[in-house]
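> Coordinates for the following, if possible.
(one chain, ligands or ions: 2)
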Amino acid sequence: MREPDQPLQIAVLRLDPDLPLPAYAHHGDAGADLVTAVDVTLAPGERVLVPTGVALALPEGYVALVHPRSGLAARHGLSIVNTPGTIDAGYRGEIKVLLINHDVHESIELHRGDRVAQLVVQRYERAHFVAVDELPESDRGAGGYGSTGGFGPRETPASREEGPQ
Ligand SMILES: O=c1ccn([C@H]2C[C@H](O)[C@@H](COP(=O)(O)OP(=O)(O)OP(=O)(O)O)O2)c(=O)[nH]1
Ligand SMILES: [Mg+2]
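Ligands and ions are numbered 1, 2, ... in the order given. Model (predicted):
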């Protein structure tokens, strides 16, 4: 059993030994930075799947989520299409990041070794989904998507008819 103050150990296979392991920039950070293993230029609106040079063996009961970095998002419009990406505990392949350039005017040039994403390791529960005829009542009920005020989503006529009443 791990002591509460002991860090969780995660085995990392360096597929590209010249690249760093995922690393936290500061004590207390939730995200460990991941780098691109390749040089890549993303045209405005373009998406590219980039390798990171690392593969993990997460312990059972843990997931790693691939998040964008806010600085690159704010400065250049760089994000991740499927944010956050889900790295399953059983996945042994190379972690790849599906980068996207949201800037409508400028290309983004990335170089091998640039920190392009961050990995957040979390515990998760494996659920047993049980079909029922009725759900227990709650305060919120079926209200969502702006039901407490502010803006709701644009809806298609079909989703308005089919959505929860
Ligand atoms: O940003 C990501 C997301 C996923 N993966 C890897 C690890 C993950 O365990 C696997 C499958 O991801 P996911 O379940 O999100 O994709 P899928 O489209 O459902 O593929 P699959 O049918 O393989 O589950 O792909 C990455 O390397 N990077
Ligand atoms: Mg899947």
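
> Tell me the residue of the protein that sits nearest ligand 1?
Here the residue of the chain nearest ligand 1 is residue 85; by Cβ to the nearest ligand atom that distance is 2.0 Å. Quick note: C-beta positions are derived from backbone N, CA and C, even for glycine.

> Spit out the contact partners of the residue nearest to that residue when sequence neighbours are not counted.
Of all residues not flanking residue 85 in the chain, residue 66 sits nearest, at 3.4 Å (Cβ to Cβ, 6 or more residues apart in numbering). The contact partners of residue 66, by Cβ atoms under 8 Å, 6 or more residues apart in numbering, come to 34, 80, 83, 84, 85, 86, 87, 95, 97, 117, 118, 119.

> Is residue 66 located within a helix, as I assumed?
No. Counting by DSSP: H, G, I helix; E, B strand; the rest coil, residue 66 falls outside a helix, being strand.

> Renumber starting at 4 from here on
All set: I'll call the first residue 4, so the last point we hit is now residue 69.

> Could you measure from it over to residue 132?
To residue 132, residue 69 is 25 Å away according to Cβ to Cβ, to the nearest Å.

> now residue 46
With distances taken as Cβ to Cβ, residue 46 is found 42 Å from residue 132.

> Please identify which of those two sits among more neighbours.
More crowded of residue 46 and residue 132, by other Cβ atoms under 10 Å: residue 46, with 12 against 4.
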